[in-house]
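Participant: kindly return the folded structure for what I paste below:
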Amino acid sequence: MGISEKENFKSVTRVKNLSGQIEEQLIIAINKGVYSSGELLPSENKLTEIFDVSRGVVREALLMLSAKGIIEIKKGKGAVVLTPSVKSLFEPLTALINYKCGNRGFESSQQVRKSIEPFIAGLAAENRTAKDLKHMQQCIDNMEKYSNNKEKLTFYDVEFHKSISQASGNPMFLIIMEPIYNFIRTYHFSEFESTSTYSVTREFHNMIFNAIKSGDKEKACNAMLSHLEVGEKK
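Facilitator: As a prediction, this is how the structure comes out:
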């Protein structure tokens, strides 16, 4: 929208990191639609004037936004707002999960999954659409097709679980679970899915799918919990 007037922003204080405050306010402005995808943010000089800080502080804030995939800094042009991607949103969180969990990452992720995914499966049994069921079936079919390809087997395993989160009718669940799945795929690939245990996984996936398809909330919930408990013991 090209709006860069000072009233769009609050004054920054010296109590907190200045570049962090500017980064935060620019993100808020972008989220509000003050600057849309493909548009330029105000120039460094203009931001320096708006926030009453040095150019170095503004540059640091822009670099932080660039590192998060929110903007792209183009030489001779300025900072362009990007369309957020799943990768740019979840990769920093994935790294944070790994840092916090350390070598207990897989165990910790399974505990979280057992707490959340059975409930999600129950909701999916209540709210699934024909489109959701079709996607789940495609994931199951592709896991069968690529049962000897660990990489693709893992991909469609994750897609199956994501499709259940989607079918729950609550978009928040997919947002919550995505970084957990991404964490497992990135740092615990060998533990997430094994071609040697695929027959067990297939049996559970079919149980979960059939329960969701039939609208049996309790059965879907129990089947998901059993599936995750078995997966935890691999």
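
Participant: make it CA atoms for all contacts and neighbour counts henceforth
Facilitator: Fine.

Participant: now do the helices in this structure.
Facilitator: 18-32, 44-51, 55-67, 86-101, 105-127, 130-145, 150-167, 171-187, 189-192, 198-214, 217-232 (DSSP state H).

Participant: make TSV out of those helices and add distance to residue 75.
Facilitator: TSV is the format used below for the helices of the chain (distance: least, Cα to Cα, whole Å):
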stretch	distance to residue 75
helix 18-32	20
helix 44-51	12
helix 55-67	13
helix 86-101	21
helix 105-127	40
helix 130-145	43
helix 150-167	38
helix 171-187	32
helix 189-192	38
helix 198-214	50
helix 217-232	49
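
Participant: run a quick neighbour tally on the residue nearest to residue 156 when sequence neighbours are not counted.
Facilitator: Residue nearest to residue 156 in three dimensions, not counting chain neighbours: residue 139, with 5.4 Å by Cα to Cα, 6 or more residues apart in numbering. For residue 139, the neighbour count with other Cα atoms under 10 Å is 22.

Participant: for residue 139, give me its contacts.
Facilitator: By Cα atoms under 8 Å, 6 or more residues apart in numbering, the contact list for residue 139 reads 156, 157, 159, 160.

Participant: and residue 40, how far is that from residue 68?
Facilitator: Counting by Cα to Cα, to the nearest Å, the gap from residue 40 to residue 68 is 17 Å.

Participant: higher neighbour count, those two?
Facilitator: residue 40 (21 against 17).

Participant: how much space separates that one from residue 48?
Facilitator: 16 Å.

Participant: quick revisit: which one of the contacts of residue 139 is nearest to residue 175?
Facilitator: residue 159 (13.6 Å; Cα to Cα).

Participant: contact partners for that closest one?
Facilitator: Taking Cα under 8 Å, 6+ apart, one finds residue 139 in contact with residue 159.

Participant: surely residue 213 touches residue 133?
Facilitator: Yes. Counting by Cα atoms under 8 Å, residue 213 sits close enough to residue 133 to count as a contact (6.8 Å).

Participant: lowest-pLDDT helix or strand in this protein?
Facilitator: helix 189-192 (a mean of 65; mean pLDDT, DSSP states H and E).

Participant: what's the local residue count around residue 173?
Facilitator: 18.

Participant: for residue 93, same thing?
Facilitator: Residues near residue 93, counting by other Cα under 10 Å: 15.

Participant: give me the pLDDT value at it.
Facilitator: pLDDT for residue 93: 76.

Participant: now it. Nearest residue, chain neighbours left out?
Facilitator: Nearest to residue 93 is residue 179, by Cα to Cα, 6+ apart, at 6.6 Å.

Participant: I'd say residue 22 and residue 58 touch.
Facilitator: Yes. At 7.3 Å, residue 22 counts as touching residue 58 under the criterion of Cα under 8 Å.

Participant: and residue 57, what's its pLDDT?
Facilitator: 93.

Participant: quick revisit: my guess is the residue nearest to residue 93 contacts residue 96, does it?
Facilitator: No. Counting by Cα under 8 Å, residue 179 does not reach residue 96; the two are 10.1 Å apart.

Participant: the more surrounded of the two?
Facilitator: residue 179 (21 against 13).

Participant: what's that one in contact with, if anything?
Facilitator: 90, 91, 93, 94.

Participant: domain ranges for the protein, per the record?
Facilitator: 6-84, 88-232 (automatic domain parsing).

Participant: winner for burial among those?
Facilitator: Mean neighbours per residue, mean count of other Cα atoms under 10 Å, is largest over the domains of the chain for domain 88-232, with a mean of 18.
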